[in-house]
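Asks: Got a predicted structure here, sequence first:
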Amino acid sequence: MTNIIILISIVIIIIFIYSYKITTKSSPLILKPEKWFTNKKKSSIEIIGTIKISNPDKRIEVMIPEFKVEAKLLGNRRLSKFKLKTKITPNHPDMSPREDDYWQAYIVKSKSHTNINIRLNIEHKKDSNLLKQLDSIWVEIVWINYGPFGREKRLDGFVIPLTLPLDSSPNKKYLDLEDSSKITTLAIKTHKLGILDDPMKLIYNYTSELILPGDIVTIGETPLAIMQGRYHHPSSLKLTYFSKLLCIFFHPTSSLATACGMQTLINEVGVLRVIFALFIGSIFKILKVKGVFYRLAGKQARLIDDITGTTPPYDQMIVLGPLHSKDYCESVSRSLGVHVAVVDVNDLGKVKVLASSKGVDLSLLKQALHSNPAGNADQQTPIVIVRPS
């Protein structure tokens, strides 16, 4: 009798897992911007680029009945006087674009891809100097995926920087230690980062002429994740009963306290792992042992930032933690010849070192970053050089 009960339980669990995967399956399409170029003229800026849409699934074919581009200018002044024109030209391998600019529904077959060319034109004929004050442009893709998973409205976006910081001199701060030595921190202002930036080249371009032997170059975990494309809009998530239920067990300020934040974690590690971590974590919490859930649920449980957790235009996105942080630190360290670390710092004095190259003095690094020299607002200083005296 006991064996029969165990067997029935196993069958029920298998059916549950299989049905959950089937009912929560989303579109397999992957959208990625490629080959973007900016041409600045006297009274206009022309931006040309390509969107690549891939279907890695071995069986499913996905239709795209709608595809729209909504570009938004970002800057430090009113932008109503700028004229912005957008042109979309499909570059499908098996279908010619229509001359009337109508988007004709297209099927992306399994194990294939298609390209879409985008042309943006910004004008301000009355005062061409105002073009120099544009910070960046946020390109938002609103498109429909249609297939066996249903009809999904997806929203993807990325930043195209238009200008570099006018003042590139780092913001220096000095910290006195108990042993009378000092640490200098240099917070470096960058352009608005995005998926078009190469994380390796970015660090090199902004720090190679500033670093000295013995320095530690740090970068925030959120900016690194954004450059890796580790973000998505909440509307792109297919919410489940479990995400709506499990999120109520978390503190309101937690990024897992919303259905979308919780669904993001479930999509990363699986619903069974989240349930198990929450169950065991609750038991230990009764015993006044905190943090067990996050250790069992994995690193991403701590690193997910829900909306409003980052600076615009990513404040409307859910940002996950970066991938391969350790390998990244080692690669950049070899390139620059100094130590490198990926960190998570806030204004409450909490410093977490997600990864670092070999030989980093973690206690010194945490002391130096305790005051959060990079800031948590719109300082746009994701890179901090820590320099022991």
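Replies: Structure's in. What do you need?

Asks: mind listing the strands in the stretch 1-150 of the chain by residue range?
Replies: Counting by DSSP state E, counting those that start in this stretch, the stretch 1-150 of the chain has these strands, from start to end: 30-40, 44-55, 62-64, 67-75, 83-91, 106-108, 112-123, 134-147, 150-161.

Asks: for the stretch 1-150 of the chain, which spans come out with low pLDDT?
Replies: Residue ranges of the stretch 1-150 of the chain with pLDDT under 70: 1-3, 6, 9-10, 13-24, 125-131.

Asks: Wait, residue 342 touches residue 328, no?
Replies: Yes - the criterion here is C-beta atoms under 8 Å, and residue 342 meets it with residue 328 at 6.8 Å. (C-beta placed from N, C-alpha, C; glycine too.)

Asks: Would you mind telling me which of the two has the busier surroundings?
Replies: residue 342 (25 against 22; other C-beta atoms under 10 Å).

Asks: where's that one, which helix or strand?
Replies: Taking DSSP states H and E as the criterion, residue 342 maps to strand 339-345.

Asks: next structured bit after that strand?
Replies: strand 351-356.

Asks: how far out from the middle of the chain is the very next helix or strand once past that next one?
Replies: Note on strand 351-356: by DSSP H and E, the next helix or strand toward the C-terminus is helix 362-369. How far helix 362-369 lies from its chain's middle: 26 Å, per C-alpha atoms, centre = their mean, to the nearest Å.

Asks: thinking again about what came up before, can you work out which residues contact both of residue 342 and residue 328?
Replies: 224, 322, 355 (C-beta atoms under 8 Å, 6 or more residues apart in numbering).

Asks: Let me know whether residue 353 touches residue 341 as I believe.
Replies: Yes - between residue 353 and residue 341 there is a contact at 5.5 Å, judged by C-beta under 8 Å.

Asks: More neighbours: which of those two?
Replies: Just comparing residue 353 and residue 341: by other C-beta under 10 Å the higher neighbour count belongs to residue 341, 23 against 19.

Asks: got a list of what that one touches?
Replies: 216-219, 329, 353-357, 360, 365.

Asks: how about a cut-off of 6 Å?
Replies: 218, 353, 356, 360 (C-beta atoms under 6 Å, 6 or more residues apart in numbering).

Asks: Buried residues, stretch 279-299. List them.
Replies: Neighbour counts over stretch 279-299 (16 or more other C-beta atoms under 10 Å) mark 281, 292-294, 296-299 as buried.

Asks: So what touches that stretch?
Replies: Under the contact criterion C-beta under 6 Å, 6+ apart, stretch 279-299 has outside partners 269, 274, 277-278, 301-302.

Asks: could you dump those residues to a markdown table with distance to residue 182 and neighbour count?
Replies: Shown next, in a markdown table, are the contacts of stretch 279-299 (distance: C-beta to C-beta, whole Å; neighbours: other C-beta atoms under 10 Å):
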| residue | distance to residue 182 | neighbour count |
| --- | --- | --- |
| 269 | 43 | 16 |
| 274 | 45 | 23 |
| 277 | 43 | 20 |
| 278 | 45 | 19 |
| 301 | 37 | 23 |
| 302 | 32 | 18 |
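
Asks: Distance check, the closest residue in space to residue 305 that isn't next to it in sequence against residue 139.
Replies: Nearest residue to residue 305, sequence neighbours excluded (C-beta to C-beta, 6 or more residues apart in numbering): residue 319, at 4.4 Å. Counting by C-beta to C-beta, to the nearest Å, the gap between residue 319 and residue 139 amounts to 18 Å.
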